[in-house]
Every structure is written in C-alpha cells, then in structure tokens.
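> Quick check, what structure comes out for this input:
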Amino acid sequence: MTFDLQAHRGGAGLWPENTLEAFGRALALGVTTLELDVHLTAEDDVVVHHDPTVRGELADARRIRELTRRDLPPTMPLLRQVAALLDERGADPVRVNLEVKYDALDASGLTSREAFVERVVDALRIDGLVPRTSIQCFDWGVLDRVGEAEPGLARNLLVSPKYLRDTEGSPSPWFDGLAVADDFIATAAQQGFTAISPIHGSPFRSGVADPDYTPFTTAALVEAAHGAGLAVVPYVVDDEPTMRHLVRLGVDGLITNRPDLLREVLASEGLELPESFPG
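From the prediction side, this is the model:
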C-alpha cells in the first residue's frame with residue numbers, strides 16, 4: 001500500500017492554506033490525500049476554512065456560521081470547488097481527508113453534531129466524494145454520527161492528550177458521553193473507526209531533535225493500533241528527522257504542511273511516491 005502523504009490544508013507551509021491554489025499545487029506536486037477543514041455558513045454551504053471566524057477580512061470577525069457565502073472572501077472555497085478541481089485534474093486516486101470543525105467546548109456557537117454531519121454528508125454525496133473521503137474529528141460523537149449517516153465514509157479519530165482529559169471532574173466533553181477506556185485505541189476500534197491520527201509528540205514544531213521532546217506516537221502505540229485494525233496517520237509533522245523517525249516506526253501516513261519535504265524523505269527511504277496531477 002502506498003504511504004499516505006496528506007497535504008495539511010493543501011500544504012500550509014508552502015502555499016496559502018485551504019485555498020484552491022494550495023490544493024492545485026499539492027496535486028501538481030504529488031500527494032495521496034488533500035487534508036482540509038470545513039465549516040457551515042448561515043445557508044448551510046460547506047466551506048473550506050480552519051477557524052470558525054474570518055479575521056482580517058471582516059472588521060467584526062463574525063462566525064462563518066452567521067455569514068452567507070456572499071459575505072466570505074473569494075479565496076475561501078466551497079467543498080464542491082475542491083471536488084471540481086479533482087475532477088478537472090483527473091486526480092482519481094487522490095483522496096480527501098475532511099475535518100469537521102465541531103467544537104465540543106463551544107457547540108452553541110456552531111451547530112449540533114447531527115446537523116453538521118448531515119450537511120457535510122449531503123455535500124459529499126452530491127459531489128460523488130464519499131468513496132474517496134475520510135472524515136476526521138477530535139469529537140467522538142461526530143464520528144459516531146458519520147457512521148450512522150453514511151457507512152461508506154472512513155472515520156479517523158484525531159487525538160492528543162488534552163482531548164482525552166477529564167474536565168472539572170467530568171469525562172472529556174469530546175467523548176460525547178461515550179465511555180472511552182484508558183486504552184482509547186480499543187474503544188476506537190470498537191466504534192468501528194478506520195484510523196487514528198495522533199499528535200506525534202510535544203513540542204510538535206521542533207520534533208524529535210529537541211532534547212525536551214516527548215513522543216505521543218510511539219512504537220507501542222503503532223503496534224497496538226495495527227493490532228486493533230486501525231491505521232496510524234500522525235499530525236502535523238513538518239521536520240525531516242521526525243518524518244523519518246515516524247516512517248521507520250511503521251506509521252501508515254503523515255499529515256504535513258511540507259509535502260515536498262515528505263516526498264524527499266519517502267524517496268530516500270525507498271518508498272513509492274504519489275502520482276502528480278499538474279494543471
């Protein structure tokens with residue numbers, strides 16, 4: 001199986017993140033997956049953007065959920081425009097890893113889990129993206145609802161220690177009431193998830209070369225996940241030593257802002273490189 005080279009927000013270390021320009025350049029470079037984030041507008045359009053608000057474009061920085069498509073900057077694409085780009089390039093092998101930006105700590109300002117998932121799944125069906133898309137989220141409830149709404153979608157659990165911690169004596173709000181065992185991998189497998197995408201370690205920007213680095217994605221974690229039938233695709237890995245370390249641990253892919261650098265690492269490790277789809 002080809003190593004899953006995921007361009008984080010289209011390759012945010014190289015091009016303007018979550019834009020058609022970034023996704024187009026990533027396709028031309030050669031990646032297996034376009035990773036992106038989505039929000040809903042006031043009219044339920046599925047738009048590609050990381051933050052819940054638009055800063056620098058709107059004086060009051062209101063939430064995307066409160067705005068119409070006409071209110072948003074033209075550089076913020078609709079999900080359907082990403083689908084059209086894939087089609088125009090003939091990039092049939094390239095997948096989409098879509099993060100539903102549901103915030104369990106501020107849900108009232110967004111929308112319900114059910115409504116968010118329903119709109120996203122509808123959009124994926126309309127654009128024929130279901131077979132090539134995975135949904136990722138830190139929120140276990142969102143992923144459960146994705147499985148109920150569309151079993152054909154892969155489900156990837158984003159995870160780091162802070163999302164597993166109890167809050168004020170109560171279980172993590174990101175569990176949505178699910179009884180998650182200390183061995184979260186076992187629970188993820190029981191829920192029928194496809195993969196886990198753990199943070200690689202901390203501090204994540206400096207990586208394994210930092211003497212203060214503490215790994216989260218360890219050999220034991222990779223072995224346990226694989227034993228449970230889960231792929232492992234750590235995030236966000238931008239430095240060469242950490243990329244190489246994780247590739248040698250046997251992870252199934254990496255989410256990176258530097259797809260160009262990861263291609264170099266994969267080539268030097270003798271791994272197959274993704275096909276490119278230039279414009």
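> List the buried residues in stretch 168-183.
Residues of stretch 168-183 classed as buried: 172-176, 178, 180 (neighbour count, 16 or more other CB atoms under 10 Å). Every C-beta, even on glycine, is put in place using the N, C-alpha and C of the backbone.
> cool, and stretch 271-279?
273-274, 277.
> Format the CA atom coordinates belonging to it as PDB.
Taking Å, rounded to 0.1, in the frame of the first residue of the first chain, the C-alpha atoms of stretch 271-279 are listed here in PDB:
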ATOM      1  CA  LEU A 271       9.100   4.100  -0.700                       C
ATOM      2  CA  GLU A 272       6.800   4.700  -3.600                       C
ATOM      3  CA  LEU A 273       5.900   8.300  -4.300                       C
ATOM      4  CA  PRO A 274       2.300   9.500  -5.100                       C
ATOM      5  CA  GLU A 275       1.500  10.400  -8.700                       C
ATOM      6  CA  SER A 276       1.400  14.100  -9.700                       C
ATOM      7  CA  PHE A 277      -1.500  15.700 -11.400                       C
ATOM      8  CA  PRO A 278      -0.400  19.000 -12.900                       C
ATOM      9  CA  GLY A 279      -2.700  21.600 -14.300                       C
END
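> Confirm residue 188 sits in a strand?
No. Assigned with DSSP: H, G, I helix; E, B strand; the rest coil, residue 188 falls outside any strand and is helix.
> Count the residues that sit near it.
25 (other CB atoms under 10 Å).
> All the helices of this protein, in order from the start?
Assigned by DSSP state H, the helices in the chain fall at 20-29, 79-89, 113-126, 140-149, 161-164, 184-190, 219-227, 240-249, 259-268.
> other SSEs contacting the shortest one?
Counting contacts by 3 or more CB pairs under 8 Å, 6 or more residues apart in numbering; DSSP states H and E, helix 161-164 is packed against no other helix or strand.
> centre of the chain versus it, how much separation?
17 Å (CA atoms, centre = their mean, to the nearest Å).
> Need the mean per-residue confidence for it.
Averaging pLDDT along helix 161-164 yields 95.
> Send over it as PDB, restricted to the C-alpha atoms.
Coordinates of each C-alpha in helix 161-164 appear next as PDB, following Å, rounded to 0.1, in the frame of the first residue of the first chain:
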ATOM      1  CA  PRO A 161      -3.700  14.000  25.400                       C
ATOM      2  CA  LYS A 162      -5.600  17.200  26.000                       C
ATOM      3  CA  TYR A 163      -8.700  15.800  24.200                       C
ATOM      4  CA  LEU A 164      -8.600  12.700  26.400                       C
END
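> Thank you, goodbye.
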